[in-house]
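A.B. asks: Model the following, please.
(one chain, ligands or ions: 1)
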Amino acid sequence: MIPSSETIHDTMRFAPVSGLHGCVSVPGDKSITHRGILFGLIADGTTTVRHWLDAGDCRSSIRVARALGAEIAVEDDILTIRGTGGELREPDDVLDCGNSGTTIRLLLGILAGRVPFACLTGDASLRRRPMARVLSPLAQMGAQIIAREGKYAPLAVVGRALTGIEYRLPVASAQLKSAVLLAGLLAASGDTTVTEDKPTRNHTETMLRAFGAPLQEATVDGVHRVTVSAGGRLRGTEVVVPGDISSAAFILAAAAIVLDSEVTVAGVGLNATRTGFLEVLKRMGGQVRITNQRVVAGEPIGDVTVSSSGLSGTAIGGPEIPTLIDELPILAVLAAFAEGDTVVSDAEELRVKESDRIRAVVQGLTAIGVEAEERPDGFVVHGRGPKGVQGGVVNSFDDHRIAMSFAVAGLGSARGVELRNWSCVGISYPTFQDTLRNIGANV
Ligand code: S3P
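C.D. replies: Reported below is the predicted structural model:
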């Protein structure tokens, strides 16, 4: 096959570097930006989202929110959204959610009880991702949704009056939890309670409260329970988005593995349901300092400084997995630069992310000269130590987090890493290379 010009040019090289230094900020949190847009869509009045993430995924949320009747003004750092008060417009075309799992799953919860008719789809990756996990509780509430092969997008929704349910999450997924809670809030009758054994990110709960939704929450013996009532209305509000810890993780990991480095990322979200990466980095021997801690718009934030140090392998699994689920690819790269083995378990969810991240991580590590093995629910990395990673050519599988993880590996490697299918970084961190340049990488 003759490659298209896009295939030829979509490659980026990350050369070895000595010493990264500086203080930078990272783009806004992706999960919080999505929620600001989608809650703004169903709220009464005006919502502003400050320091929103201007990247492919959140642009998908903006596109579908507009199609459903929200008026959205985009001004540099601030989104201003005039909401629909929950009276959604029937969209006149298919809603394209692009690459964004958060957009399509939260939207299902919003549409099921409210839209006369809507079709949803996404790119090739999103059309392979499991939707049955959302369709099943929504069907119990009375929703009518038809899916390709019963479980994949494209999906067709015919709005129905929904009734609240009690639901125990069968998979630790904040997207699923959020979809059920939103459907419960927009239902015609009853209370909806979601229980989770392995607590996932709680931005939906925090933000629903900020929008004035009545919500009861309790955590007993590690089990988290949230209840919302049908007919709850949201009031437009001001959302301030912290720096995305999932993006900061790449920059902080680069500082940990490139010798003679010290980098601060300022204004990073430090919600305890998201900080597993920092805990594991410390456990591996990473030098992590957190300063200037404060709470902004209900979310804890702070400045995080990491300096380079020797790392050792660790075991990652159990309830900490949801707190670092998106950081496992970059943790795999840290493990490659560590002494000893790192074992990741209980992370089968990685198989159904933007790519099969277990396979993508192991193939990437192998391509740069690091021994690694797949397991059904994770992987094992045999660390090569701080100077033992050679480098090579890595395929991102069109997955933004795989691309950035191996870019970081290139900075610490002996020969550099060439990334194939690089442009997917625009999904969550279009300015990634600028940040690297600002701390001294020669990108
Ligand atoms: C997200 C939740 C996580 C995460 C994703 C964003 C969210 O997915 O991997 O990047 O915004 O709720 P799951 O909830 O499906 O695990």
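
A.B. asks: So which residues of the stretch 1-150 of the chain form helices?
C.D. replies: With helices called from DSSP state H, counting those that start in this stretch, the stretch 1-150 of the chain shows them at 5-9, 30-42, 56-67, 101-111, 132-140.

A.B. asks: Those into a markdown table, with extra columns for mean pLDDT?
C.D. replies: Formatted as a markdown table, the helices of the stretch 1-150 of the chain follow (pLDDT from 0 to 100):
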| stretch | mean pLDDT |
| --- | --- |
| helix 5-9 | 52 |
| helix 30-42 | 98 |
| helix 56-67 | 98 |
| helix 101-111 | 98 |
| helix 132-140 | 98 |
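
A.B. asks: Would you mind putting these into JSON lines with distance to the ligand and mean neighbour count alongside?
C.D. replies: Quick note: C-beta positions are derived from backbone N, CA and C, even for glycine. As requested, the helices of the stretch 1-150 of the chain are exported to JSON lines (distance: least, CB to the nearest ligand atom, whole Å; neighbours: other CB atoms under 10 Å):
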{"stretch": "helix 5-9", "distance to the ligand": "25", "mean neighbour count": "10"}
{"stretch": "helix 30-42", "distance to the ligand": "3", "mean neighbour count": "28"}
{"stretch": "helix 56-67", "distance to the ligand": "9", "mean neighbour count": "23"}
{"stretch": "helix 101-111", "distance to the ligand": "4", "mean neighbour count": "27"}
{"stretch": "helix 132-140", "distance to the ligand": "8", "mean neighbour count": "19"}
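
A.B. asks: I'd like to know which of those helices lies nearest to Pro242.
C.D. replies: Closest approach to Pro242 among those (CB to CB): helix 30-42, 6.9 Å.

A.B. asks: Would you mind confirming that Pro329 makes contact with Arg401?
C.D. replies: Yes: in this structure, Pro329 is within contact of Arg401 by CB atoms under 8 Å, at 5.0 Å.

A.B. asks: between these two, what contacts are shared?
C.D. replies: Common contact partners of Pro329 and Arg401 (CB atoms under 8 Å, 6 or more residues apart in numbering): Arg357.

A.B. asks: For the stretch 201-350 of the chain, just list every one of the helices.
C.D. replies: Under the criterion DSSP H, counting those that start in this stretch, the stretch 201-350 of the chain contains helices at 203-210, 245-257, 276-283, 328-336.

A.B. asks: could those be laid out in TSV, adding distance to the ligand and mean pLDDT?
C.D. replies: Shown next, in TSV, are these (distance: least, CB to the nearest ligand atom, whole Å; pLDDT from 0 to 100):
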stretch	distance to the ligand	mean pLDDT
helix 203-210	7	98
helix 245-257	7	98
helix 276-283	12	98
helix 328-336	10	99
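
A.B. asks: export these to CSV and tack on distance to Lys151 and mean neighbour count?
C.D. replies: Listed next are the helices of the stretch 201-350 of the chain as CSV, based on distance: least, CB to CB, whole Å; neighbours: other CB atoms under 10 Å:
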stretch, distance to Lys151, mean neighbour count
helix 203-210, 23, 22
helix 245-257, 27, 28
helix 276-283, 29, 20
helix 328-336, 24, 29
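
A.B. asks: Thr314: which of the ones you listed is closest?
C.D. replies: Across the helices of the stretch 201-350 of the chain, Thr314 has its closest neighbour in helix 276-283 (5.2 Å, CB to CB).

A.B. asks: Skipping its backbone neighbours, what lies nearest Val241 in space?
C.D. replies: Gly28 (3.6 Å; CB to CB, 6 or more residues apart in numbering).

A.B. asks: Look at that neighbour and report its pLDDT.
C.D. replies: The pLDDT attached to Gly28 in the predicted structure is 98.

A.B. asks: residues contacting it?
C.D. replies: If you count contacts by CB under 8 Å, 6+ apart, Gly28 has them with 51-53, 241-244.

A.B. asks: ok, now with 10 Å
C.D. replies: Shown in contact with Gly28 (CB atoms under 10 Å, 6 or more residues apart in numbering): 36, 49-55, 58, 77, 239-244, 247, 267, 269.

A.B. asks: try Val394
C.D. replies: Contact analysis of Val394 by CB under 10 Å, 6+ apart lists 14, 360, 363-368, 402-403, 405-407, 409-410, 417-422.

A.B. asks: Can you classify it as helix, strand or coil?
C.D. replies: Judged by DSSP: H, G, I helix; E, B strand; the rest coil, the three-state class of Val394 is strand.

A.B. asks: Quick check: it vs Ala118, distance?
C.D. replies: 38 Å (CB to CB, to the nearest Å).

A.B. asks: next one: Arg129
C.D. replies: Between Arg129 and Ala118 the computed distance is 18 Å (CB to CB).

A.B. asks: more neighbours, these two?
C.D. replies: Taking other CB atoms under 10 Å, Arg129 and Ala118 do not tie; Ala118 has more neighbours (27 against 18).

A.B. asks: wait, doesn't that one sit right on Asp96?
C.D. replies: No: contact criterion CB atoms under 10 Å: Ala118 and Asp96 do not qualify, at 11.7 Å.

A.B. asks: Overlap of the contact sets of these two?
C.D. replies: Jointly contacting Ala118 and Asp96 under the rule CB under 10 Å, 6+ apart are 64, 67.

A.B. asks: Name the residues of the stretch 151-300 of the chain found near the ligand, please.
C.D. replies: Residues of the stretch 151-300 of the chain lying close to the ligand by CB under 6 Å from any ligand atom are 173-175, 178, 200-201.

A.B. asks: again, only using 8 Å
C.D. replies: 171-178, 200-201, 203-204, 246 (CB under 8 Å from any ligand atom).

A.B. asks: With distance to Val228 as added columns, please give those residues in TSV.
C.D. replies: Compiled in TSV, those are given as follows (distance: CB to CB, whole Å):
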residue	distance to Val228
Val171	20
Ala172	20
Ser173	17
Ala174	15
Gln175	16
Leu176	15
Lys177	11
Ser178	11
Thr200	16
Arg201	17
His203	15
Thr204	10
Ser246	26
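
A.B. asks: from the residues you listed, which single one is nearest Leu111?
C.D. replies: Comparing these against Leu111 with CB to CB places Ser178 closest, at 13.5 Å.

A.B. asks: Against Val295, how distant is the residue nearest to the closest one when sequence neighbours are not counted?
C.D. replies: Spatial nearest neighbour of Ser178, excluding adjacent residues (CB to CB, 6+ apart): Thr204 at 4.2 Å. Using CB to CB, one gets 18 Å for the distance from Thr204 to Val295.

A.B. asks: With Leu53 instead?
C.D. replies: 20 Å.

A.B. asks: between these two, which one's more packed in?
C.D. replies: With neighbours defined as other CB under 10 Å, Leu53 and Val295 compare such that Leu53 has more, 27 against 11.

A.B. asks: Hmm, His34 and that one touching each other?
C.D. replies: Yes: counting by CB under 10 Å, His34 is a contact partner of Leu53 at 8.5 Å.

A.B. asks: Overlap in contacts, these two.
C.D. replies: Common neighbours of Leu53 and His34 (criterion: CB under 10 Å, 6+ apart): Ser61.
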